[in-house]
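*Asks:* Any chance you can model this:
(2 chains)
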Amino acid sequence: MQAPDIAAKRRKGLADALDRDAGTVEGTGGFVQRYYGGASLGGSARRASIDEQRRRLPAFKHRLQLLYAIETHLTTIVTGEPGSGKSTQLPQYLYEAGWAADGKAIACTQPRRVAAAMLAQRVADEMGVELGTTVGFSVRFSDASDPQATRIKYLTDGTLVRECYADPLLSAYSVIMVDEAQDRTIATDTLLALLKKVQRKRRGDLRVVISSATLDAERLRAFFGRDDTATVSISGQLFPVDTQYLDAPCENYVTAAVETVLRIHELEALGDILVFLPGKDDIAAAISQIEDLAYANERLASLLPLPMHAGLSVDGQRVALEPASAGVRKAIFATNVAETSVTIDGVLYVVDCGFVKQRLLDPATGLDRLATIPISKSSARQRAGRAGRTQPGKVFRLYTHAASGSSLFPQHDVPEVCRLPLAPMALTLKALGVDNLARFDYVQPPPPALLSHALEALASLGAIDAQTGSLTQGFGLHLVELPLDPPLGACLLNSVRRFGCVREALAAVALLSLGETPFVAPSGRQAEAREDWRDFMAREGDVLTRVNALLGYQDTPARARQQWCRTHFLSSRLLDQATRVSRQLEGYLVRFGHSRSELASSCGRDASLLQKCLVSGLFANAARRDGAAGGSGYRLLRGGAAADIHPSSVYFAEDARPEYVIFASAMATTKTYIQGVTAIEPEWLTELAPHYFSASQAAPSRPHPTN
DNA sequence: GAGCACTGC
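*Replies:* Numbers count the residues shown, from 1 in each chain, chains lettered A, B, ... in the order given. Below is the predicted model of the structure:
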């Protein structure tokens, strides 16, 4: 139960807050209050205008209703469109109402780091405090919070889950607001499930607020218990969006998108167009179609097609965000980044192809697929909303009205726990004392096949005991702490324990955890780039080649790195991030008690040490040349699926390909491609993963049964 | 022979 004096203080705080304001607020549920005053806290003109702005936000009308709901219910679900101010205002209302009065803090979690940092900055500005004092944030690589002073703390949900390791009851917080819950990421779902457990243990002392744009509210109410859960809906600041559909299904959404853009440009008032397409190939195709047409058509000179996807450099993204010159209409061809992560101002028209690329693990084959699938109805609404941010807009859906209502488009997205590899989540839950993952109280239970896949993977790495299912001392416990996929974490731990190649392993693991290759050439300069890249190339494969690039980058003085990347056609964004990751990982190894000299170990000229080190974690990703199929392809040792070398690999253009390889990832798109490929000797598999491979041939034996 | 959506610790 809530300590009486604290609750009383808070109620007084609520009353004080009411006393400061002026006008009449009306909430639903019969909770109508008069409020007085109007003095701003700071008294300066700037503060007064900030207060004015805060009052104009839709959330303000629901302020008392929200505070009342949170005061009287353990869990409150808040739905509201973007622009309603819930992410910035609700934590402030709670603070003003005294929820942080007794030394506890109010947490607000976000799925993405930039969002957490930006929100904290804005709220600090609104409250007139220095960021990192009363208002702070904590995300990977950046902590601007002070345990003594911070009362409103923005974090990523992954960071808060990690705080559970040190403080399983999250006792530093009185209220935890989980924002953007509609994303249903693994981290969000994990956090929600943990919060339900913590709420029970803290016996009414922790309030949970779940906020979301378009939420499966009923599911969450049922999960947290209908009696203890309130629902509040806040209207957004969106303008009406007129929706248009095709009369008949289109054959090709790229052509249809281009045609629609041209028609808008021809017929509609000036205003930018945002086009949603599934991938960057489609984006490039659409843009080049428009550019080709523009040669022959002068009227298209005032139409500026631009790409927007996560693979672009910061500068590349900025071009699409900047306003076009007078009289020019931007047509931004974007992937899903523009649905959630990036907000583009000035968009009046949205063109939505109705598809998205989504990653999913096929439990039958154990292979990742990147599939182009119809979007959910929630996602369609979200995309449409991008046209109505500043004035009434229009959305052109590249499918028929009949299809839009049909089951072709599911109501909501499939949450990540139902489609992605779960080994990292399984490790987290084990570390937090969840012994039986099959019986855990999930927001939405994952398919059993995904769970057993994860448990088998963890057992084969030695992270959990195959018989008891509990984390192994030392290895398993360290693996939990590392911010890495378990196989990569295993490589890193083994590099210091067994192989003495920490310098290279840090680089390799950091690069592989980011997934992409740093070798990126602008179109048209491929040949020139390939020539330059020869200096980095290693016979042993992609990983050593990328390691060479990263170590070269790190050996370059910081101020010269950008230029160095430009001359060598390398992604400085990726290499910079990999550098930060490897530094953070090194910090973990220090914390685990490894000495400076252990961490300085290098394999020097003996690349086989690093190769073996990679095998020790990635052994499940082994493949052998497929002689029967003509020799250029591979066959996975686990499952036996056919696979090809990804075009980004150093082996793609090679005739002499190694007989046995391990790879960082396999992904089925048009074909199954393996990526991040390293040559190995087959006997390393039986030497380093004898439990996984039978000694006679390098083929997997059945993994140990688990749990 | 020719390509990977998006996050996060």
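
*Asks:* tell me the contacts of A:Pro522?
*Replies:* Neighbouring residues of A:Pro522 by CB atoms under 8 Å, 6 or more residues apart in numbering: A:Phe569. (Each C-beta comes from the backbone N, C-alpha and C, glycine too.)

*Asks:* can you give me the helices for the stretch 201-350 of chain A?
*Replies:* Along the stretch 201-350 of chain A, the stretches classed as helices by DSSP state H, counting those that start in this stretch are A:217-224, A:253-267, A:280-296, A:314-321, A:337-340.

*Asks:* Mean pLDDT for these - can I get that in TSV?
*Replies:* Formatted as TSV, the helices of the stretch 201-350 of chain A follow (pLDDT from 0 to 100):
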stretch	mean pLDDT
helix A:217-224	88
helix A:253-267	96
helix A:280-296	93
helix A:314-321	88
helix A:337-340	89
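
*Asks:* quick one, which of the ones you listed is nearest to DNA strand B?
*Replies:* Closest approach to DNA strand B among the helices of the stretch 201-350 of chain A (CB to the nearest atom of the strand): helix A:280-296, 3.4 Å.

*Asks:* tilt between the helix or strand hosting A:Met177 and helix A:217-224?
*Replies:* A:Met177 belongs to strand A:173-178 when assigned by DSSP states H and E. Here strand A:173-178 runs at an angle of 150 degrees relative to helix A:217-224 (axes from the mean of the first three to the mean of the last three CA atoms, to 10 degrees).

*Asks:* Note down every partner strand of strand A:173-178 and its orientation.
*Replies:* Strand A:173-178 pairs in its sheet with strand A:105-110 (parallel), strand A:207-212 (parallel), by DSSP bridges.

*Asks:* if you average pLDDT over each of these, which comes out lowest?
*Replies:* For the strands paired with strand A:173-178, mean pLDDT drops lowest on strand A:207-212, to a mean of 93.

*Asks:* How many residues are close by A:Asp535?
*Replies:* 10 (other CB atoms under 10 Å).

*Asks:* Correct me if wrong, but it is in a strand.
*Replies:* No. Counting by DSSP: H, G, I helix; E, B strand; the rest coil, A:Asp535 is located in no strand; its state is coil.

*Asks:* okay, now the domains of chain A?
*Replies:* Each domain of chain A is listed here as a residue range: A:4-234, A:241-414, A:421-480, A:485-609, A:619-688, per automatic domain parsing.

*Asks:* Can you lay out these as TSV showing distance to A:Ser694?
*Replies:* Shown next, in TSV, are these (distance: least, CB to CB, whole Å):
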stretch	distance to A:Ser694
domain A:4-234	34
domain A:241-414	19
domain A:421-480	14
domain A:485-609	20
domain A:619-688	7
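
*Asks:* Kindly report which one of those domains carries the lowest mean pLDDT.
*Replies:* domain A:4-234 has the lowest average pLDDT among the domains of chain A, namely a mean of 82.

*Asks:* does that domain come close to DNA strand B?
*Replies:* Yes. Domain A:4-234 reaches DNA strand B (CB under 7 Å from any atom of the strand) through A:111-114, A:139-141, A:156, A:158-159, A:162, A:185, A:187.

*Asks:* Filter the residues you listed down to the buried ones and hand me the PyMOL line.
*Replies:* Buried members of the residues of domain A:4-234 next to DNA strand B, defined by 16 or more other CB atoms under 10 Å, are picked up in PyMOL with:
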select buried, chain A and resi 111+112+113+139+156+158+159+162+185+187
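
*Asks:* Go ahead and confirm A:Val650 touches A:Thr545.
*Replies:* Yes. With contact defined as CB atoms under 8 Å, A:Val650 counts as touching A:Thr545 (5.4 Å).

*Asks:* Mutual contacts of these two, please.
*Replies:* Both A:Val650 and A:Thr545 are in contact with A:537-538, where contact means CB under 8 Å, 6+ apart.

*Asks:* one step back: sort out for me which of the residues of domain A:4-234 next to DNA strand B are in strands.
*Replies:* A:139, A:156 (DSSP state E).

*Asks:* what are the phi and psi values for A:Ser452?
*Replies:* Taking degrees, to the nearest 10, you get phi -70, psi -30 for the backbone angles of A:Ser452.

*Asks:* got a list of contacts for stretch A:204-212?
*Replies:* With contact meaning CB under 8 Å, 6+ apart, stretch A:204-212 is reached by A:1-2, A:70, A:73-80, A:86-87, A:90, A:99, A:170, A:173-182, A:192, A:195-196, A:198-199, A:220, A:224.

*Asks:* Restricting to C-alpha, output it in CSV.
*Replies:* C-alpha atoms of stretch A:204-212 as CSV (Å, rounded to 0.1, in the frame of the first residue of the first chain):
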residue,chain,number,x,y,z
GLY,A,204,0.3,-1.0,-5.0
ASP,A,205,3.3,1.3,-4.7
LEU,A,206,4.2,1.5,-8.4
ARG,A,207,2.0,3.2,-11.0
VAL,A,208,2.3,2.2,-14.6
VAL,A,209,1.1,4.4,-17.5
ILE,A,210,1.1,2.9,-20.9
SER,A,211,0.8,5.3,-23.8
SER,A,212,0.3,4.6,-27.4
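
*Asks:* Please state the offset of that stretch from the chain centre?
*Replies:* Computed by CA atoms, centre = their mean, to the nearest Å, the separation of stretch A:204-212 from the middle of its chain amounts to 22 Å.

*Asks:* For it, buried residues please.
*Replies:* Residues of stretch A:204-212 classed as buried under the neighbour-count rule (16+ other CB under 10 Å) are A:205-212.

*Asks:* can you put the helices of the stretch 201-350 of chain A in a markdown table and add mean neighbour count?
*Replies:* Below are the helices of the stretch 201-350 of chain A laid out as a markdown table (neighbours: other CB atoms under 10 Å):
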| stretch | mean neighbour count |
| --- | --- |
| helix A:217-224 | 17 |
| helix A:253-267 | 19 |
| helix A:280-296 | 16 |
| helix A:314-321 | 14 |
| helix A:337-340 | 18 |
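
*Asks:* quick one: which of these is nearest A:Gly405?
*Replies:* Closest of the helices of the stretch 201-350 of chain A to A:Gly405 is helix A:253-267, at 19.1 Å (criterion: CB to CB).

*Asks:* Give me the contact list for that closest one.
*Replies:* For helix A:253-267, the surrounding residues in contact (CB under 8 Å, 6+ apart) are A:246, A:250, A:273, A:275, A:277, A:282, A:285-286, A:289-290, A:293, A:299-300, A:302-303, A:305, A:329, A:331, A:333, A:349, A:351, A:353-355, A:396, A:398.

*Asks:* ok, now stretch A:167-176?
*Replies:* Stretch A:167-176 is contacted from outside by A:70, A:94, A:99-100, A:102, A:104-109, A:147, A:160, A:163-164, A:195, A:198, A:201-202, A:205-209, A:432-433, using CB under 8 Å, 6+ apart.

*Asks:* Cool, thanks, talk later.
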